[in-house]
Structure formats: structure tokens, C-alpha cells
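K.L.:
Sequence and computational prediction follow.
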Amino acid sequence: MSIADIISSLPSLKLTIEAYGLMAQKSLGQNFLLDSNITDKIVRSSLRAQNLPSFADACLFEVGSGPTGLTRSILKAEPQKLTVIELDERCIKIAEDIRARVGDRLEIVNQDALTYDFTAPAAAPKHILSNLPYNISVPLLSKWLADIGCYKSLTLMFQKEVAERLMASTKTKDYGRLSVLTQLQCRITHLFDLPPEAFTPAPKIWSSVLLLQPVIAPLSREEIAHLEKITALAFSKRRKMLRQTFKHIADFADICEQIGIVPTSRPEELTPQQFFELSQSL
């Protein structure tokens, strides 16, 4: 029996939730996707944007498997291995029922994703595909950006307002530290948006699915760490001129002149590349 046939033979998500008494917990940032048309679309859109027929030669990671809607859709794309990282014991039991049918292709890790080592060597190229818990989406992304070269792609669902910050252009209200860090490390493709009613329970906001693909020469962990400090300081005073924010650096004006930055600029006026050049000089 094929993986797709095995997945099709599973009880519906509605029956699964009823059987396990699975109610979403706000403390875990849970908003469940129960429509297989949507979860299939997430996987299909990611593959299409990457010009891939399937995930057959890849190791995938999913954070927060929930009632396993997206887990099922990922498995239908036939990954060499799918690792789900889940804290909720109720969801672990649901995933274990699937593993009993698909075997070692599915690995289940009962751990906080913020402490999990995604960079450990794998037998195939690594992709992360997840409907991220909203309460840890930005910390998780920051963790992955620091080691972005370890992954082939990240297909992630964010609150729409977070997605807009990631994609924001200079001189806009959404442009900030997260925009700079993400755009220096990744090519960002907006796949599609989802309304609140697509989820159970329905959140008060829209969501966006993004594909993040590493640039050819991403920054090192050390470079990203230093850049985070510079951008955090700059955008903490986003209405001030750079020369005021960095007035503790005696030769700041000279540094700006050397790299072609106007010291009276405000943070939102600098491109990601200019921020990197500035961080390299400070």
C-alpha cells in the first residue's frame, strides 16, 4: 500500500480530535488546520515554488504536529523522513498511531522546538515545513536564520503581520530588524494567505504561508549575531538619526563615509546590505 493510500485510510481529523478529546490550548499557541485541502495546498505550493515533484529525497521537519493534518499532507509527498517536534502529549499519541502505519519514515520527538538541534547531520537535504505556533514563531525563525545554510528551504506559516515584517521594503512602517536579518539570509516567496476561519479555533488575525530559501552565500552565525545587536540598537530608536543612536562611537561619521551611508539617515532608510556593511565596520 502506498503512503497516500495509508493516509487516506486514516480516520478523519474530526473523528481523531473527538477520539482524543483534543482541544486547542492557547498556552501552546495552538490553532489547528483541519481542512486537508488547505494542508495539501501548503505542501503543493512549496513543491511547485521549488520546482520539485515531491520530497522523496529529503528529510523534513514539522514543529507542532497538532491533530496531524499537515503531517498527513507532508507524508503524502513521500519524504525520506519526517520528524515532528511536539510538546503536547495528546498530539504525540495521535502521531504515534500514524507511525504505527508508516513506520520509521515518521520520527516523533517530544521536545520544545526552541531547544531541539535542527542542525544535526541528516541523511538527505533538510526542509522545514510547519504551521508554526504563533507564540514562538519569531524566536524559531531567528534560530533557523543563524544556521540557514543547513536547510534547503523553510515553508512556514506566520501571522500575516509578522510575514509583512519579513517581506517589508525600506522606508515602510513594517521594515525593521526582522526584515533585515531575513532578507540577508533568504529569498522570500509569498505563497498565499489564510483567513481566520480556516483554523480551529479561529484566531483574530489572518495568516500567511511563506517559502524561505537560503541565499547562495548566507552570513555566518557570528556575523548574524553581531548584526542582530546593531539592528536591535538602531531600530530601538527608529525615529532617531543613526549618528545620534551611535554617538558613543567616536569615528561613526568617518565609518559611514567609507561605506557610503549618510549618518543623518534613519534606520528604516538603510537597505539590508547597508546594515550588514555597517555591522562589519563597527
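P.N.:
Here it is on my side, so go on.
K.L.:
can you tell me which residues contact S236?
P.N.:
Taking CB atoms under 8 Å, 6 or more residues apart in numbering as the contact definition, S236 lies against nothing. C-beta here means a position set from N, CA and C on the backbone, and glycine is covered the same way.
K.L.:
Okay, it and K229: tell me how far apart.
P.N.:
With distances taken as CB to CB, to the nearest Å, S236 is found 11 Å from K229.
K.L.:
my read: W144 touches V138, true?
P.N.:
No - in terms of CB atoms under 8 Å, W144 does not count as a neighbour of V138; the distance is 10.9 Å.
K.L.:
between these two, who's got more neighbours?
P.N.:
W144 (22 against 16; other CB atoms under 10 Å).
K.L.:
Report the contact partners of K160.
P.N.:
Shown in contact with K160 (CB under 8 Å, 6+ apart): 193, 205-208.
K.L.:
Give the closest residue to it in space, chain neighbours not counted.
P.N.:
Beyond its immediate neighbours in the sequence, the residue positioned closest to K160 (CB to CB, 6 or more residues apart in numbering) is W206, lying 4.1 Å away.
K.L.:
That neighbour: neighbouring residues, count only.
P.N.:
Other residues near W206 come to 14 when the count uses other CB under 10 Å.
K.L.:
thought it was touching D193?
P.N.:
Yes - in this structure, W206 is within contact of D193 by CB under 8 Å, at 5.6 Å.
K.L.:
which stretch of helix or strand covers F276?
P.N.:
Here F276 sits within helix 272-281, counting by DSSP states H and E.
K.L.:
Check what contacts that helix and list those residues.
P.N.:
179-181, 183-184, 219, 223, 226-227, 229-231, 234, 255-256, 258-261, 270.
K.L.:
Now that V63 has come up, it's in contact with K143, right?
P.N.:
No - assessed by CB under 8 Å, V63 is found out of contact with K143, at 10.7 Å.
K.L.:
Who has more neighbours out of the two?
P.N.:
Set side by side, V63 and K143 show more neighbours around V63, with 25 against 16, by other CB under 10 Å.
K.L.:
The stretch 151-282 of the chain: helices as residue ranges?
P.N.:
Counting by DSSP state H, counting those that start in this stretch, the segments of the stretch 151-282 of the chain that form helices are 160-167, 177-185, 221-235, 242-245, 252-259, 272-281.
K.L.:
Among those helices, show me which one is buried the most.
P.N.:
Among the helices of the stretch 151-282 of the chain, helix 177-185 has the highest mean neighbour count (mean count of other CB atoms under 10 Å), at a mean of 23.
K.L.:
any idea of the mean pLDDT for it?
P.N.:
Mean per-residue pLDDT for helix 177-185: 98.
K.L.:
Please report the number of neighbouring residues for the residue lying closest to A225 once chain neighbours are set aside.
P.N.:
Nearest-residue entry for A225: A146, 7.2 Å, with adjacent residues in sequence omitted and distances by CB to CB, 6+ apart. Residues lying near A146 (other CB under 10 Å) number 21.
K.L.:
show me what contacts A146?
P.N.:
A146 makes contacts with 221, 224-225, as judged by CB under 8 Å, 6+ apart.
K.L.:
run the last query once more with 10 Å
P.N.:
A146 is in contact with 119, 181, 185, 218-225, 228, counting by CB atoms under 10 Å, 6 or more residues apart in numbering.
K.L.:
For T170, give its distance to P272.
P.N.:
From T170 to P272 the distance is 8 Å (CB to CB).
K.L.:
right, and the helices of the stretch 151-282 of the chain - which one's nearest L33?
P.N.:
Among these, the nearest to L33 by CB to CB is helix 160-167 (15.2 Å).
K.L.:
Much appreciated, bye for now.
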